[in-house]
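> Below: sequence and its predicted model.
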Amino acid sequence: MIQNYLRIAVRNLWRNKVFSSINIVGLAVGLASCLLLFMYITHELSYDDFQQKADRIVRVTMEYSMEGKVAKIPQTGTKVVKEFGRQFPEIESGVRLINRDGVVNTGDRQFSEKRIVFADSAFFTLFSFPLLKGNAQTALAAPNLVVLSESTARKYFGDENPVGKTIRINTGGSFRDYAVTGVVKDSPANSQIKYDLLTSFLTLPAAKNEEWFSSNYATYLLLRKPEAMTPLQAKIPGFMKTQFGKEEMSAGGYLTYNLEPLRRVHLYSQVEGSFEPNGDLTYIYIFGSIALLILLIACVNYVNLATSRAVERAQEVGVRKVMGAMRGQLFGQFIGESVIVTSIALVLALLLAALALPVFNDLSDRQFSVSSWFEPRNLLLLVGIGLVVSLIAGSYPALVLTRFEPVRVLKGHLKTAGAGQFRRALIVFQFAITAFLIISTLLVRNQLAFVQQKKLGYSKDHVLMLPVDKQVNEKIAAIKSEFRQNADVQHVSLASDSPVFVEGGYGMRSANMAADQRKMVAGLTIDEDYVPTMGLQLIAGSNLNAADMDRISRTDNDSLTRSRFILNEAAVKELGWTPQQAIGQWLDMNGRLGEIKGVVADFHFASMKQKIGPLVLFPQNGGEILLVKLSGSQLPNTLRFLESKWRTLIPDRPFSYEFMDEEFSKLYAAETRTGLIFSIFSFLSIFLACLGLFGLSAYTTAQRTKEIGVRKVLGASVFSIVGLLSKDFLKLVLIALLVASPLAWYAMSQWLNDFAYKINIEWWVFAMAGLLAVGIAFVTVSFQSIKAALMNPVKSLRSE
């Protein structure tokens, strides 16, 4: 019997090649979309699951307040691990980590590395990063020791055993010899801690001091029991109050620490990531919803086409029932047909997903592989998805077809009005999803365009950023002089950071504030060339000059403490002055005393998700980044010129650079990915909806062949016939727009609320989405309508 049902199903699919192809292609595209998006979602949800002690590991974040303003940062001082370990029995051990860029020399080869992580010796006790060579207890237990990742060891030493060898590392000061003590497996892609080299924390001067402030270090604690986190968290605020006197914490100021379960850091933390940007749970919901909606559109196509063909299959059902077939047997047959279609579609979906995987990897900034699909867990998931889709797509058509009464069917009495209403509802559902995605895509792209085009208050175009170290700082005058010999080089500046994202936090106090008062402010160390290099607009006072830079280097009388400051408008307003009133005012910045020399117009020194806050620029001899402003007229030649000068002046450091606009783009990487994903899957939803509409209109047109012939004989024009066949479908599309528009408005309003600077949701976006949806639907339907309207009525009437 099963063999007979299978034969009938295959024959039926083969007999209706067009409709079968539409169903298979539609389901394949929907399943491929789901497969790719679910791969990304499961990856994000699996962050740090491989850590065997994850239920006992917590990340420590710092929270502090000044003048009623609260800040939360992912770094802590060096004292947290040591002092908490002494004071709280709930803690078994802890690790301090800091990531630094650096240069590595191995023999006569030189490498620029961005993931050199300094770690305490307990690193391998807390975390489950497999040590392939070396002793986990001693690998980081002394200064000047390094453990290489597997890929880094291969890059430096090939197939040789690197343990016992020496490499030279410079992470901003000078080159130092490090003994290789081990090789660790590469950090997994779903780990919040990423490394290429693990060096001993004891190498750092900071390891000799215990400080609450100077918060530069990621801190992780291993608790004795998973349930210890809540009581430990309750103890910390009270304990921290005992660590400072009234003169240190007053006017409502405080310092405390918060604990975050390791597995929840990536998606749930409200504090930025320590080693890489956090994920966003909102986008997981968005991508998951898109995947399901795309799959639902494909399933709706199947249901629509299957139920629309109910009349053709009614007699088959009637004959089978007369011959003794039970309703359950008929239901099983139609579900079996759905399983066959879904199985073929699933195989095709795997092929489509494999072909699209390289593009999807670029889009998601991940490295997924086809091999992961064939792991037992994922295979079961694929089979499960196939069965669920088979039931969703096949159940309703099967119920409709098996419900027919054989006597009425064989007499030709068949009412399908209810099924027709259901099909129309499904068309509305499909195009509501499509309209929702079109509107969302337009708004996301408009917001990203707004971010890219908004005046930032500084110039990010054609600005090179080069990481520097002590050697570069010592030769900065010569570097500036040599670089400026090229006419394409406009300005060169040394600073602690670029203006794209300023991280330094300080306390600011003016002369009219109490001695124990501080206002929270972002701070950036600069030289006299920073303002012109970045194109900042001075609105009061003047820029720093060489004398200001020289002043902070002198040690005679009080020159060391007499600094000069440049404030932005927000900082001046915070202090209660106008820009003109601020000039010459006295200021204390974390012990740096001096006067305000200039005020610059506000500029965006963080993501546009945040309001522009107070910022102080102050001089310092030395920095961490070299900024080179170019005209851009001879870019390739200029880069070669700069590299040759660099190699001459700084032979021990590679000429490694990044353009500032690239750094700016990284701030909105998640939003850019979202915009691209919306665009791609909006197109897919349109494709699937049109595919179903094409099939349905083709079937409807075929059913009305005789009517069209009669109308043409009576003088109906091609235009009127096209309008007759199209208007019912277009009405449904318009209803779908009315349903989708308020939903899209609400969803995108919520998304835009994350931005302090955002676009307004304009009416024309909905109008454009409506025109697109109606236009696409009309083109899809009119193709069949025009074909039917142009048929010779004699042939159509004769065929009837």
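Happy to help now that I have it.
> now the end-to-end length of stretch 47-58.
14 Å (Cα to Cα, to the nearest Å).
> what's it in contact with?
Outside stretch 47-58, the residues that touch it by Cβ atoms under 8 Å, 6 or more residues apart in numbering are 92, 126-128, 188, 190-192, 220-226, 229, 259-263, 265-267, 279. Yep, even glycine has a C-beta here, placed from its N, CA and C like the rest.
> hmm, which of these are the buried ones?
Buried by 16 or more other Cβ atoms under 10 Å: 92, 126-127, 188, 190-192, 220-223, 229, 259-263, 265-267, 279, out of the contacts of stretch 47-58.
> So which of the residues you listed sit within strands?
Glu92, Tyr220, Leu221, Leu222, Leu223, Leu259, Glu260, Pro261 (DSSP state E).
> Okay, the last one and Ser128: tell me how far apart.
Look at Pro261 and Ser128: by Cβ to Cβ, to the nearest Å, they are 16 Å apart.
> separation between the closest residue to Leu346 other than its chain neighbours and Ala28?
In space, and not counting its chain neighbours, Leu346 is closest to Gly386: 4.8 Å by Cβ to Cβ, 6 or more residues apart in numbering. Distance of Gly386 to Ala28, given as Cβ to Cβ: 11 Å.
> When these two are compared, which one has more neighbours?
Taking neighbours as other Cβ atoms under 10 Å, Gly386 and Ala28 compare with Ala28 leading, 23 against 19.
> Just give the closest residue to that one, not the sequence neighbours.
Per Cβ to Cβ, 6+ apart, closest to Ala28 is Leu348, 3.9 Å.
> Hmm, the one you found is touching Gly26, no?
No: with contacts counted by Cβ atoms under 8 Å, Leu348 stays clear of Gly26, the gap being 10.6 Å.
> more neighbours, the two?
A direct count of neighbours by other Cβ under 10 Å for Leu348 and Gly26 places Gly26 higher, at 28 against 17.
> which secondary structure elements does the helix or strand containing that one contact?
Using DSSP states H and E, Gly26 falls within helix 17-45. Applying 3 or more Cβ pairs under 8 Å, 6 or more residues apart in numbering; DSSP states H and E, one finds that helix 17-45 contacts helix 265-268, helix 281-308, helix 327-364, helix 376-402, helix 669-703.
> buried sites along that helix?
Here helix 17-45 shows 19-20, 22-41, 43-45 as buried, counting by 16+ other Cβ under 10 Å.
> Average pLDDT for it, rounded please.
For helix 17-45, the mean pLDDT works out to 84.
> Let me know the next secondary structure element after that helix.
strand 57-66.
> Please name the residues that touch the spatially most central residue of the chain.
The centre of the chain sits closest to Ala670, judged by Cα atoms, centre = their mean, with a distance of 2.8 Å. By Cβ under 8 Å, 6+ apart, Ala670 lies in contact with Pro277, Asp280, Tyr283.
> Generate a PyMOL selection restricted to the buried entries among the residues you listed.
Applied in PyMOL, the following selects the buried portion of those according to 16+ other Cβ under 10 Å:
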select buried, resi 280+283
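> Mind putting the contacts of Ala670 into CSV with pLDDT and distance to Ala540?
Below are the contacts of Ala670 laid out as CSV (pLDDT from 0 to 100; distance: Cβ to Cβ, whole Å):
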residue, pLDDT, distance to Ala540
Pro277, 82, 36
Asp280, 82, 39
Tyr283, 82, 42
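> How about the backbone phi and psi for Thr242?
phi -80, psi -10 (degrees, to the nearest 10).
> Can we start the residue count at 21 from this point?
Okay, residue one is now 21; in that scheme the one you just asked about reads as Thr262.
> Could you report the pLDDT at it?
88.
> next one: Glu83
92.
> So it sits against Leu279, correct?
No: judged on Cβ under 8 Å, Glu83 makes no contact with Leu279 at a distance of 11.2 Å.
> Residue ranges in the stretch 521-670 of the chain under the pLDDT threshold?
Applying pLDDT under 70 to the stretch 521-670 of the chain picks out residues 574-581.
> which residues of it fall in helices?
When secondary structure is read from DSSP state H, counting those that start in this stretch, the stretch 521-670 of the chain shows helices at 550-554, 566-571, 589-594, 599-602, 655-669.
> Is it possible to get those out as TSV so that each row also shows distance to Lys92?
Output for the helices of the stretch 521-670 of the chain, formatted as TSV (distance: least, Cβ to Cβ, whole Å):
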stretch	distance to Lys92
helix 550-554	28
helix 566-571	34
helix 589-594	20
helix 599-602	29
helix 655-669	39
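> Tell me which of those sits nearest to Ser583.
helix 566-571 (7.3 Å; Cβ to Cβ).
> secondary structure class for the nearest residue to Tyr215 once chain neighbours are set aside?
Distance criterion Cβ to Cβ, 6+ apart; nearest residue to Tyr215, sequence neighbours excluded, is Val137 at 4.3 Å. Recorded secondary structure, Val137: strand (DSSP: H, G, I helix; E, B strand; the rest coil).
> Counting neighbours, what do you get for the closest residue to Phe177 other than its chain neighbours?
Distances taken as Cβ to Cβ, 6+ apart put Lys185 closest to Phe177, at 6.9 Å, once the chain neighbours are dropped. Other residues near Lys185 come to 17 when the count uses other Cβ under 10 Å.
> how far away is Lys185 from Thr545?
Using Cβ to Cβ, Lys185 is found at 38 Å from Thr545.
> Likewise for Thr800?
Distance check for Thr800 against Thr545: by Cβ to Cβ, it reads 61 Å.
> Comparing the two, which residue is more hemmed in?
Per other Cβ under 10 Å, whichever of Thr800 and Thr545 has more neighbours is Thr800, with 23 against 19.
> can I assume the more buried one is in contact with Phe707?
No: taking contacts as Cβ under 8 Å, Thr800 lies outside contact range of Phe707: 10.2 Å.
> For Ser653, which non-adjacent residue is closest in space?
Closest residue in space to Ser653, ignoring its immediate chain neighbours: Asp508 at 5.9 Å, by Cβ to Cβ, 6+ apart.
> confidence score at that neighbour?
95.
> Quick one: neighbours of it, just the number.
Neighbours of Asp508 (other Cβ under 10 Å): 19.
> Tell me how far it lies from His482.
9 Å.
> Need the overlap of contacts for those two.
Leu650, Ser651, Gly652, Leu655.
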